[in-house]
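Colleague: Using only what follows, build the 3D model:
(4 chains)
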Protein chains: 2
Amino acid sequence: MAETTSRILALLNLLQTHRQWTGAELAERLAVTGRTLRRDIDRLRELGYRVEATRGAAGGYRLEAGAELPPLLLTDDEAVTMAVGLRVAATQGIADGEQTTLSALAKFEQVLPTALRQRVNALSVAVQSLTPRGERISAELLGQLALACRDHERIRFSYVAADGVTSERAVEPHSLVAAGRTWFFVCWDLRREDWRTFRVDRISSFFGTRVHCEPRQLPVADAAEFVAVALASLHRGRLNAEVVMRMPIEQMRTHFGPWATGAEAVDAEHTRWPIGGDSVEGMFGSLAWIPPGVEYELHGDEVFLEFVRETGKRLRDASER
Amino acid sequence: MAETTSRILALLNLLQTHRQWTGAELAERLAVTGRTLRRDIDRLRELGYRVEATRGAAGGYRLEAGAELPPLLLTDDEAVTMAVGLRVAATQGIADGEQTTLSALAKFEQVLPTALRQRVNALSVAVQSLTPRGERISAELLGQLALACRDHERIRFSYVAADGVTSERAVEPHSLVAAGRTWFFVCWDLRREDWRTFRVDRISSFFGTRVHCEPRQLPVADAAEFVAVALASLHRGRLNAEVVMRMPIEQMRTHFGPWATGAEAVDAEHTRWPIGGDSVEGMFGSLAWIPPGVEYELHGDEVFLEFVRETGKRLRDASER
DNA sequence: CTGAAATAGGTCGCTTTCTGTCCTGAAAAA
DNA sequence: TTTTTCAGGACAGAAAGCGACCTATTTCAG
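Modeller: The predicted model follows:
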């Protein structure tokens, strides 16, 4: 069977690298007779994978999209690409299910050979420079935290609090919570002997002790408090502003596409567009996309308005020289 | 039946979902005796996967990152997340190897069940709204083209040429080439009986005939021409500009991080920073990130400078009301 | 219409592998 | 020291795998 199992895996691999194979080709590659190959194909079908066959000349076997996903056999290069993509997905905060992203990330994190891991790290940095600016959080760290949560492994790390004070922490991980693009790490602090919430982007010097710990029950009463603290921390630095532009909402939606989220009509001619965000710079950038000729007004925090006035002035000066 | 093969796969699956398992637990899950389980573990090891064991109390089996990546057994949710991440990676143009991205994409595209595919499509749209603005290209289309290239499958599609004329094409795919964030599709046009290059973002109504075609040899002499055409088309709309700011390059690198790519020192006090891009709006946004108090000058295409002047003026007006 | 190429699958006998049930050993933690 | 856990040899019966036949069926090309 040692032979058979690896051969089945190899067959699955072959079927994944080309759409169409004749039985003879496959049999030769696997070094078995055609009869055995047909039996192997049957085995795959019994395992639930849709291997379809076309008879006659120019026929062959094909692995079709079935009800279940077959085990993915990736080459090193492909694995690197997927890992990078996954990290981008995680750090950009895919809306669907953050828990899912994490479990996928943990799965990868567990088995990714170190040689590949280094390539992934190198690439992730390069890719992040393509994404919108903002706090950069380490996807590798996120992956390791996710793995620690999944496996209930005790960990240690350094944390820079909001007031700038650095402290060393030894904790039992509980879960990761995403709020927008910011991740929060909920865990039991062993020294303080209490539940704590940390911002992932302020965690560093991650160290995984290999010590397993019993999962603790998060007190339900306190869970609400955690969320509150986390959100407060998130909204503290958050800025609010909105644009009222002379443009019917339909037209505005067409022009801005997915970025029109939150826009609403003021009247038939005007649209209100919220552009709140974490950074004045990013919010400023949004304004550039209002098409030429469209009149608009700006309302919002004075901090932001002041920034716009000042930056607008500097830009005009710089471009007129 | 093929009990053992499926059991080995199941075992690999279990080892991927939790870090630590005791032999007894695994044996129970797989409905075999401990002895058989140990044999299964041995089989996995023979297949090249690093299953490590710790003896004694609180011991167990762990799947470690080895030299090779084991077949990834993903749940539906995880698969969706990965596919989305992969599409993001492909459309954002990962620098490493576009061919790799494509082969991974094709691998996924082939076996992704339709139910999951719909979820992936829905999510991809949502995710792309988070990415920098610009032409949005369909990652699903890219995946299907990649699959067609890999399998030498004849396809049909509609194409909108640069002059706005739409035509129907029947082609034999050859390859996909990435230039920056734009993808080009190289193929043999069956009606014109010649090689053609298409911009992927102008292709629509993709239709895969199931007809297999013999791979054609791309004439080397003409290959240069393709690249030229592709690059010309890419650079036609591309804008150039640069900022010279009063800031030492070291400090600038610290402040801008990965976005400082391409920056170079003019002298000890000044740094030149290229901000060329596809859209004046995006380039404008970059300027907001120059820290307050830093003097700078702007050089570049008149189109861009005019945009900056105009937009700067509008912004000041809007914020002063 | 015919032949070639391709999948589909039944049967038979030999060989190999697998499995459970015994063991005993060794290592690690409480 | 005791308990828990992995490690692995030996054996016998059961099961599966494999190749070597064989025939049937479908499809396309000529």
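
Colleague: I'd like the distance between the residue nearest to the spatial centre of chain A and chain B.
Modeller: For chain A, the residue nearest the mean C-alpha position is A:Ala90 (1.5 Å; Cα atoms, centre = their mean). In this view, A:Ala90 and chain B are 8 Å apart by Cβ to the nearest Cβ, to the nearest Å. (C-beta placed from N, C-alpha, C; glycine too.)

Colleague: How confident is the prediction for that residue, by pLDDT?
Modeller: A:Ala90 carries a pLDDT value of 70.

Colleague: quick one, what contacts it?
Modeller: Residues in contact with A:Ala90 (Cβ atoms under 8 Å, 6 or more residues apart in numbering or on different chains) are A:101-102, A:105, A:139, A:142-143, B:85.

Colleague: Dump those residues to JSON lines, plus distance to DNA strand C and secondary structure.
Modeller: Converted to JSON lines, the contacts of A:Ala90 look like this (distance: Cβ to the nearest atom of the strand, whole Å; DSSP: H, G, I helix; E, B strand; the rest coil):
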{"residue": "A:Thr101", "distance to DNA strand C": "33", "secondary structure": "helix"}
{"residue": "A:Leu102", "distance to DNA strand C": "28", "secondary structure": "helix"}
{"residue": "A:Leu105", "distance to DNA strand C": "28", "secondary structure": "helix"}
{"residue": "A:Ala139", "distance to DNA strand C": "32", "secondary structure": "helix"}
{"residue": "A:Leu142", "distance to DNA strand C": "29", "secondary structure": "helix"}
{"residue": "A:Gly143", "distance to DNA strand C": "26", "secondary structure": "helix"}
{"residue": "B:Gly85", "distance to DNA strand C": "35", "secondary structure": "helix"}
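
Colleague: one step back: for the residue nearest to the centre of chain A, which three-state class applies?
Modeller: With DSSP: H, G, I helix; E, B strand; the rest coil as the basis, A:Ala90 sits in helix.

Colleague: Quick one: mean pLDDT for stretch A:268-278?
Modeller: 83.

Colleague: I meant to write stretch A:64-75 there.
Modeller: Rounded mean pLDDT across stretch A:64-75 is 83.

Colleague: Identify, by residue count, the longest helix of chain A.
Modeller: Longest helix in chain A, counting residues (DSSP state H): helix A:302-320.

Colleague: For it, buried residues please.
Modeller: Buried residues in helix A:302-320, defined by neighbour count with 16 or more other Cβ atoms under 10 Å in any protein chain shown: A:304-305, A:307-309, A:311-312, A:314-316, A:318-319.

Colleague: That one vs chain B: in contact?
Modeller: Yes: shown here: helix A:302-320 in contact with chain B (Cβ under 8 Å from any Cβ of the partner chain) through A:305, A:308-316, A:318-320.

Colleague: if we can go back for a sec, buried ones from the contacts of A:Ala90, can you make that a ChimeraX selection?
Modeller: Buried subset of those, written as a ChimeraX selection, criterion 16+ other Cβ under 10 Å:
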select /A:101,102,105,139,142,143 /B:85
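
Colleague: could you dump the contacts of A:Ala90 to CSV with pLDDT?
Modeller: Shown next, in CSV, are the contacts of A:Ala90 (pLDDT from 0 to 100):
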residue, pLDDT
A:Thr101, 73
A:Leu102, 74
A:Leu105, 79
A:Ala139, 70
A:Leu142, 80
A:Gly143, 80
B:Gly85, 76
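
Colleague: three-state assignment of the residue of chain A found nearest DNA strand D?
Modeller: Among all residues of chain A, A:Gly56 sits closest to DNA strand D, at 2.4 Å; criterion: Cβ to the nearest atom of the strand. Judged by three-state DSSP, the three-state class of A:Gly56 is coil.

Colleague: how much space is there between it and DNA strand C?
Modeller: 5 Å (Cβ to the nearest atom of the strand, to the nearest Å).
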